[in-house]
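Asker: next comes the sequence, and after it the predicted model I'd like to discuss.
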Amino acid sequence: MLVGVDNYIYFVFDGKPEDVEDFIMREFEVEVQDEEFGNPWMDYLREKGLLGEDFQLIIPGELLFDPPLRTDEGKTILNADFRIYTAKGFTILELHPNPRSRWWSVLSSEVIRLLKQFMKGGPLLICGYRDDTDLTKLGFKHNNRLMFINWLPEAIKTGKLEVLPSALTAVKKELLDLKDGPL
């Protein structure tokens, strides 16, 4: 069995989760998943004191891109799974584009269009993440994206973005000192 690399985009907001949910509901056609999803990793990391009690999955779902994102192969990405988390007083929106295999061939102009749409919500930080990144080599205790999500507010609070496994990073002006860390 061949396993591919999953790509994510994270948007970190200083607003309430309800504000982020309202924003994506205005900007996109959204289908919210009403089911409760248990996450054994979230439970384990919280039990070990690595996430904190304020780290929560608030709402999962799917949003549609209208128009779809075009690729250089003439194909499209129609939608993305999303999750809204809270961590350390911030709200983090996770996007997981579908189909995953086409994300790297999305036209640059389409990525810019998508980012402009999300900039309307006022994120402090936008970054990408590939799940083949070994976060333990970057100093994380576990190689798990939940650890990465939990770390994003720390980067904002300290004002330094030292390490980020991202092919895409956008930061609100003067929020972080990017010159001190490798990207």
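Answerer: Done, it's in. Numbers count the residues shown, from 1 in each chain.

Asker: buried sites along the longest strand seen in the chain?
Answerer: Ranked by residue count under DSSP state E, the longest strand found in the chain is strand 56-70. Across strand 56-70, burial judged by 16 or more other C-beta atoms under 10 Å covers L57, I58, I59, P60, G61, E62, L63, F65, L69, R70. (Glycine included, C-beta is placed from N, CA and C.)

Asker: let me have those in a markdown table, adding pLDDT and distance to N79 as columns.
Answerer: Formatted as a markdown table, the buried residues of strand 56-70 follow (pLDDT from 0 to 100; distance: C-beta to C-beta, whole Å):
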| residue | pLDDT | distance to N79 |
| --- | --- | --- |
| L57 | 92 | 19 |
| I58 | 92 | 20 |
| I59 | 92 | 16 |
| P60 | 94 | 13 |
| G61 | 94 | 10 |
| E62 | 95 | 6 |
| L63 | 95 | 6 |
| F65 | 94 | 6 |
| L69 | 94 | 10 |
| R70 | 95 | 14 |
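
Asker: mind putting those into TSV with distance to I84?
Answerer: TSV is the format used below for the buried residues of strand 56-70 (distance: C-beta to C-beta, whole Å):
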residue	distance to I84
L57	8
I58	4
I59	5
P60	8
G61	9
E62	13
L63	11
F65	18
L69	21
R70	27
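
Asker: for these, which one is nearest F28?
Answerer: Nearest to F28, judged by C-beta to C-beta, of the buried residues of strand 56-70 is L63 at 4.1 Å.

Asker: relative to the whole chain's centre, how far out is stretch 130-139?
Answerer: 15 Å (C-alpha atoms, centre = their mean, to the nearest Å).

Asker: quick one: end-to-end length of it, please.
Answerer: 16 Å (C-alpha to C-alpha, to the nearest Å).

Asker: any idea of the mean pLDDT in it?
Answerer: What stretch 130-139 shows for mean pLDDT is 83.

Asker: that stretch: which residues count as buried?
Answerer: Going by neighbour count (16+ other C-beta under 10 Å), the buried part of stretch 130-139 is D131, T133, L135.

Asker: P97 - how many residues pack around it?
Answerer: A total of 22 residues lie near P97 under the criterion other C-beta atoms under 10 Å.

Asker: which residues sit in contact with it?
Answerer: By C-beta atoms under 8 Å, 6 or more residues apart in numbering, the contact set of P97 is N7, I9, L69, I77, N79, A80, W103, V106.

Asker: returning to what we had before: which residues outside the longest strand of the chain are in contact with it?
Answerer: 17, 21, 24, 28-33, 37, 39, 42, 76-86, 91, 95, 97-98, 106-107, 110-111, 113-114.
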